[in-house]
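**Student:** Sequence plus the predicted model coming up.
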Amino acid sequence: MGKVKKIVLFLAVLQCIIILSGCWDQKIFEETGFILSLGLELNEDGELIYSATMPVVEEEIEQDIEVLYTTAPLLREARDKIRNTSGKRVEGGKTQQILFSRELAEKGIDEILDVFLRSPENPVLANITVVDGSPLEMLQLSLGYKDKTRIGFYISNLIEQTRKRTSTPETRIYDLAVLLHCKTIDPIATYMKYDEQKVEILGTALFKEDKMVGDLNVTDTGILHALMGKKTNFSYYYREKSNDIKRGIAFLFRKLTGSSKEK
Amino acid sequence: MTENNTITAKQMMRFTFVCQTGVGVINLPALLAREAGHDGWISVAVSGIIAIFLASLIVVLLRRYSDKCIFDITRLIFGKIIGFIINALLCIYFFLVASSGLMMFLNYLKITLFPNTPSIVMAPLTMLPSVYMVWQGTKTVARFKSIALFSYILVIIYIILLIKEMRFSFLLPVGESGLPALFSSLKTGFFAFIGLELIAVFYPEIIDKENALKYHVRANVYTMLFVMLVVAACTALFGENFLSVLNTPLFNLSRVFHAPIIERVDVYMISAWLLAVGCSTRAYLMAAYYSMEKVFKLKKSRIFYALFICADIGLSQLITDINKAFMILGIIGWVGIGVIILIILCLVLSMFKKNGVAENG
């Protein structure tokens, strides 16, 4: 085979490799809407309210985040309905956290997460979070957080920082799925509340199987980590009744070890 | 023996190792979790020991016939007609394994990276390296296996990074599934070692035959250790119950590591592993083409080769449902066990029918 023929053949093959495989599965950045936070709650009729935030990158739009919501019985259906209003191809591949309302969490969340586990397009590393209140209301209020970053990243950073101080547990979608299936360890998740100015981590949401049954404050979450034999780094405050300005003692627990015996 | 096909025993070891582990290990942890619960790794260890024993027996048989491959041996033992029929069936087996390997490759691409691209477009593109290498001969195919080792190193490093995420209590108590469950899962565990029979095809091409046994045993030991590591890691991470409902645990494993900058590690891990899948599939494609040349005494022809590749791609398009593809993979596993038994049978028969046995054999 001649040298020219070889080069032509090589270039033809290279062209096929580069172009053909991208024809059907191309996703253009400008045309894609990345969900950063996903909120799930129930309305008065017991239907699922699906809310999502997506970053806005167009210069002419003042708002840097877009909040979309709809009502549908299925997650996929809700996503498709949102696609009908957003003007973008909505994708969940960058979802940072899934926010469940406490009311929904108490009814059970197992079946809702199924789609995240089956579809490789969805991340299994999104944080599972229970919100004391309405996730949709929280996302809408977050538009007024002028001194905070985009809500998805703000909550992610908040969870990460509080997790380092063992004030809240690390529970991602796959953690929850593993624990729900193993039948021997009940899951836990991040528990938070919100107001007009901020989001606040409250501690831990406790589950029995897939239903939320209670919660722990941040100090008790530290003790829970210690009991589970995990890394601890939390403060415990002893209060004293006196007229001094400094009342009480702060204990910082970094490493706790223990053993128990059954009789 | 031709210059393009000669390989060393060490290259044959890599050839066997990559061929055994590339495709099967992706869903094996789930299959074992369904059958042996959290004791899947024990099943792999036991079937690995059996595989090492059988692999050694195959090399012992090949040594008895000096520089003959399985196609020559079957003719000597069973006669020309029956020998030819057996050899033709072996050719069909290698060809079907190559096609089903490509089918799995395309299915994995569809469910992971390219859900919308038609398989018929992906198939020729994924086949391009194989088309070149198989045409060049066993030497090129075997040499390229060293590149695939990069994927294995990556997976091992990745599993090490995941250790802190694992719950080793999921592996306890050891042996809880009981002997009957473990025993019945051995066949599934053994599927990971299908590919050990390929040495019977390429044996005459091995230059340093004195090292063949040593390296063939090593190939199976490495396969056993690697598969055990993946099965144990998947079980410790997902737990037996969740693991048993997953379709592609190795790829699911790649989705759970939280990397600060590279957010979707799975895209890179899956891409890297597809290199190993490609190499694994290519091993059987090479075996199929090489054996067809030998059995049907074909001369190297571009027309025949083009038809061969088209037939391989065509067969791979027949099944596009991943669950049916897994079913085919299971059937192939059983046929593979049958082929290994046939080769061992040849060894037994060679004890009685010494026609063609080397003087020192």
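**Tutor:** Cool, got the structure. Numbers count the residues shown, from 1 in each chain, chains lettered A, B, ... in the order given.
**Student:** residue contacts, residue 39?
**Tutor:** No chain was given, so I picked chain A. For A:Gly39, the contact set (CB atoms under 8 Å, 6 or more residues apart in numbering or on different chains) comprises A:49-52, A:69, A:98-99, A:101, A:131, A:134-136, A:138-139. C-beta coordinates here come from the backbone N, C-alpha and C atoms, glycine included.
**Student:** not quite, I wanted chain B
**Tutor:** If you count contacts by CB under 8 Å, 6+ apart, B:Asp39 has them with B:Val174, B:Gly175, B:Glu176, B:Ser177, B:Ala181, B:Leu182.
**Student:** again, 7 Å this time
**Tutor:** By CB atoms under 7 Å, 6 or more residues apart in numbering or on different chains, the contact list for B:Asp39 reads B:Val174, B:Gly175, B:Glu176, B:Ser177, B:Leu182.
**Student:** need the helices for the chain, in chain order.
**Tutor:** No chain was given, so I picked chain A. Under the criterion DSSP state H, helices of chain A are mapped to A:3-15, A:21-25, A:75-86, A:102-107, A:114-118, A:135-142, A:151-164, A:173-182, A:218-227.
**Student:** Wait, chain B was what I had in mind.
**Tutor:** B:9-21, B:28-36, B:40-64, B:70-78, B:80-112, B:119-136, B:138-162, B:178-191, B:199-202, B:212-244, B:249-253, B:265-295, B:302-316, B:322-352.
**Student:** could those go into JSON lines alongside mean neighbour count?
**Tutor:** Listed next are the helices of chain B as JSON lines, based on neighbours: other CB atoms under 10 Å in any protein chain shown:
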{"stretch": "helix B:9-21", "mean neighbour count": "26"}
{"stretch": "helix B:28-36", "mean neighbour count": "25"}
{"stretch": "helix B:40-64", "mean neighbour count": "21"}
{"stretch": "helix B:70-78", "mean neighbour count": "22"}
{"stretch": "helix B:80-112", "mean neighbour count": "20"}
{"stretch": "helix B:119-136", "mean neighbour count": "18"}
{"stretch": "helix B:138-162", "mean neighbour count": "18"}
{"stretch": "helix B:178-191", "mean neighbour count": "17"}
{"stretch": "helix B:199-202", "mean neighbour count": "25"}
{"stretch": "helix B:212-244", "mean neighbour count": "23"}
{"stretch": "helix B:249-253", "mean neighbour count": "23"}
{"stretch": "helix B:265-295", "mean neighbour count": "22"}
{"stretch": "helix B:302-316", "mean neighbour count": "16"}
{"stretch": "helix B:322-352", "mean neighbour count": "16"}
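**Student:** so what's residue 129 up against?
**Tutor:** In the absence of a named chain, this looks at chain A. A:Gln97, A:Ile98, A:Leu99, A:Phe100, A:Ala189, A:Thr190, A:Met192.
**Student:** oops, chain B please
**Tutor:** Neighbours of B:Pro129 in contact, by CB under 7 Å, 6+ apart: B:Gly278.
**Student:** Before we move on, what's the pLDDT of it?
**Tutor:** At B:Pro129, the pLDDT value in this model is 90.
**Student:** Quick check: residues of the stretch 151-300 of chain B near chain A?
**Tutor:** When proximity is defined by CB under 7 Å from any CB of the partner chain, the stretch 151-300 of chain B lies next to chain A at B:Phe238, B:Gly239, B:Asn241, B:Phe242, B:Arg255, B:Val256, B:His258, B:Arg264.
**Student:** any idea how far A:Ser101 is from chain B?
**Tutor:** Using CB to the nearest CB, to the nearest Å, one obtains 25 Å as the distance from A:Ser101 to chain B.
**Student:** My guess is that residue contacts A:Pro135. True?
**Tutor:** Yes. If you go by CB atoms under 7 Å, A:Ser101 and A:Pro135 touch, sitting 5.7 Å apart.
**Student:** Compare neighbour counts for these two and give me the winner.
**Tutor:** Neighbour tally, A:Ser101 and A:Pro135, criterion other CB atoms under 10 Å in any protein chain shown: the higher count belongs to A:Pro135, 29 against 22.
**Student:** Which per-residue confidence value corresponds to that one?
**Tutor:** 95.
**Student:** Contact partners for it?
**Tutor:** Applying CB under 7 Å, 6+ apart, the residues near A:Pro135 are A:Gly39, A:Leu40, A:Glu41, A:Ser51, A:Leu99, A:Ser101.
**Student:** from those, which single one is nearest A:Phe116?
**Tutor:** Lowest distance from A:Phe116 to those (CB to CB) belongs to A:Leu40, with 11.6 Å.
**Student:** tally of neighbours for that closest one?
**Tutor:** Count around A:Leu40 with other CB under 10 Å applied: 23.
**Student:** ok, now A:Leu125?
**Tutor:** A:Leu125 has 21 nearby residues by other CB under 10 Å.
**Student:** so which residue of the stretch 1-150 of chain A comes closest to chain B?
**Tutor:** Chain B sits closest to A:Trp24 of the stretch 1-150 of chain A, with a gap of 4.0 Å, by CB to the nearest CB.
**Student:** Please report the number of neighbouring residues for the residue in the stretch 151-263 of chain A positioned nearest to chain B.
**Tutor:** For the stretch 151-263 of chain A and chain B, the shortest gap (CB to the nearest CB) falls at A:His181, measuring 3.8 Å. Applying other CB under 10 Å, we find 17 other residues in the vicinity of A:His181.
**Student:** so it sits right up against B:Phe242, yeah?
**Tutor:** Yes. Using CB under 7 Å, A:His181 is in contact with B:Phe242, at 3.8 Å.
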